[in-house]
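[1] no sequence on this one, just coordinates:
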């Protein structure tokens, strides 16, 4: 795919202040240190400022502060990182496919598939499923019975969307993900062993949600597992049965929410965070990496545990420092006792 835009076109889209030649041609994006002629770079983290003067980029996205004294072509914006994120779509090589249903795809006669939809090789659309306008269903993906995929959503190859799942508009589900598999529900038998609890709920996913590769969202035992609007899930995230993830929450790789737990809106769960079942986390909470949350969090803020009980991050950092002082304190105490 060939991209070729003028700097003026990009400035207009970003509503940026253009300082320089609007006719400069931009054919790609790159970092300051790796850019070559024809590419657009950005500076959002000041630790990379050292690369600015020697960058070979044809233009750079800068903040007002960073642009002071910079004499070459640039775009001045309030938030360079957000501007980079916005313009990245112009250079995405994985563009929408033309409307087409591959001859090897299996589409049930009762399924409702809009006219301008792409369905790839060996994809399966089961009975009663609804695929809305502008969707892309890639190769070897299964959309289960009575499931609904909202407008302009992209379900990548080798995804399993089980029955009775609803996904909103403008969603992206990456390869290897499984949505709507049975939750981990079993009742212990008095005589030993386990009785399976059949999971008769579904999954509801909101609009503008991104689901990373190999992520699993289990169906509810009774009622639906719920993922709100604007949620972003990294690769290898686990959402258990009847869990709730609020709007605009972000979860990094290997984090998980156990059954019937609730995570509020605008939260950030870093890598390997675990939320135990049947508790709630309020809105606007950040949980740092490898934290185990074993009780409800009712006050917004940042929390950490690092293998100990979850605490306010500031308190955890103080305790972590004190942990390193324990040996010295023990020696001093022993001397006092002698």
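    Looks like it came in fine. In this text the structure is predicted, and so the values were computed from the model without any measurement. Numbers count the residues shown, from 1 in each chain.
[2] Buried residues, stretch 112-121. List them.
    Neighbour counts using 16 or more other Cβ atoms under 10 Å place 113, 117, 118, 119, 120 of stretch 112-121 among the buried residues. Every residue, glycine included, has its C-beta placed from N, CA and C.
[3] what's the answer for stretch 2-9, then?
    For stretch 2-9, the neighbour count (16+ other Cβ under 10 Å) marks 5, 7 as buried.
[4] Any idea what residue 6 is bridged to?
    Taking DSSP bridges as the rule, residue 6 bridges to residue 25.
[5] so is the residue nearest to residue 46 when sequence neighbours are not counted in a helix, a strand, or just coil?
    Distance criterion Cβ to Cβ, 6 or more residues apart in numbering; nearest residue to residue 46, sequence neighbours excluded, is residue 66 at 7.7 Å. Using DSSP: H, G, I helix; E, B strand; the rest coil, the structure places residue 66 in helix.
[6] which residues touch the residue most central in space within the chain?
    With distances taken as Cα atoms, centre = their mean, the residue of the chain nearest its centroid is residue 232 (2.6 Å). Going by Cβ atoms under 8 Å, 6 or more residues apart in numbering, residue 232 touches 209, 210, 249, 250, 251.
[7] give me phi/psi at it?
    phi -120, psi 120 (degrees, to the nearest 10).
[8] so where's the longest helix in the chain?
    With secondary structure taken from DSSP state H, the chain has its longest helix at helix 313-337.
[9] on contacts alone, who are the packing partners of that helix?
    strand 301-304 (3 or more Cβ pairs under 8 Å, 6 or more residues apart in numbering; DSSP states H and E).
[10] Output the contacting helices and strands for the strand it packs on.
    If you count contacts as 3+ Cβ pairs under 8 Å, 6+ apart, strand 301-304 packs onto strand 285-287, strand 311-312, helix 313-337.
[11] Which stretch among the ones you listed is buried most, on average?
    For these, the largest average neighbour count (mean count of other Cβ atoms under 10 Å) is found in strand 285-287, namely a mean of 23.
[12] Mind listing residues that contact that one?
    Outside strand 285-287, the residues within contact range by Cβ under 8 Å, 6+ apart are 263-264, 267-270, 273, 281, 293, 297, 300-304, 310, 313.
[13] domain assignment for the chain?
    Listed domain ranges for the chain are 5-91, 100-313 (source: automatic domain parsing).
[14] nearest to residue 325, of the ones you listed?
    Of all those, it is domain 100-313 that lies closest to residue 325, at 15.6 Å by Cβ to Cβ.
[15] What's the end-to-end length of that closest one?
    Counting by Cα to Cα, to the nearest Å, you get 52 Å between the two ends of domain 100-313.
[16] returning to what we had before: just checking, which of the buried residues of stretch 112-121 belong to strands?
    Counting by DSSP state E, the buried residues of stretch 112-121 place 113, 118, 119 in strands.
[17] want to throw those into CSV with pLDDT and distance to residue 329?
    What follows is those, written out as CSV (pLDDT from 0 to 100; distance: Cβ to Cβ, whole Å):
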residue, pLDDT, distance to residue 329
113, 97, 69
118, 97, 65
119, 97, 67
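[18] any idea which of the residues you listed is the one closest to residue 135?
    Distance to residue 135 across those (Cβ to Cβ) is lowest for residue 118, with 7.4 Å.
[19] quick one on the thing from earlier: could you redo the helices and strands packed on strand 301-304 as a markdown table and give each row mean pLDDT and distance to residue 195?
    As requested, the helices and strands packed on strand 301-304 are exported to a markdown table (pLDDT from 0 to 100; distance: least, Cβ to Cβ, whole Å):
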| stretch | mean pLDDT | distance to residue 195 |
| --- | --- | --- |
| strand 285-287 | 98 | 34 |
| strand 311-312 | 84 | 39 |
| helix 313-337 | 85 | 41 |
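[20] Figure out which of the ones you listed is closest to residue 104.
    Closest to residue 104 of the helices and strands packed on strand 301-304 is strand 285-287 (Cβ to Cβ; 44.3 Å).
[21] Adjacent strands (with direction) for that closest one?
    Sheet partners assigned to strand 285-287 using DSSP bridges are listed as strand 268-269 (parallel), strand 301-304 (parallel).
[22] how far does the helix or strand that comes right after that strand sit from the chain's center?
    The element immediately downstream of strand 285-287 (helix or strand, assigned by DSSP states H and E) is strand 292-293. For strand 292-293, the separation from the chain centroid amounts to 20 Å (computed by Cα atoms, centre = their mean, to the nearest Å).
[23] re the thing from before, in TSV: the helices and strands packed on strand 301-304, plus distance to residue 155.
    Below are those laid out as TSV (distance: least, Cβ to Cβ, whole Å):
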stretch	distance to residue 155
strand 285-287	29
strand 311-312	40
helix 313-337	37
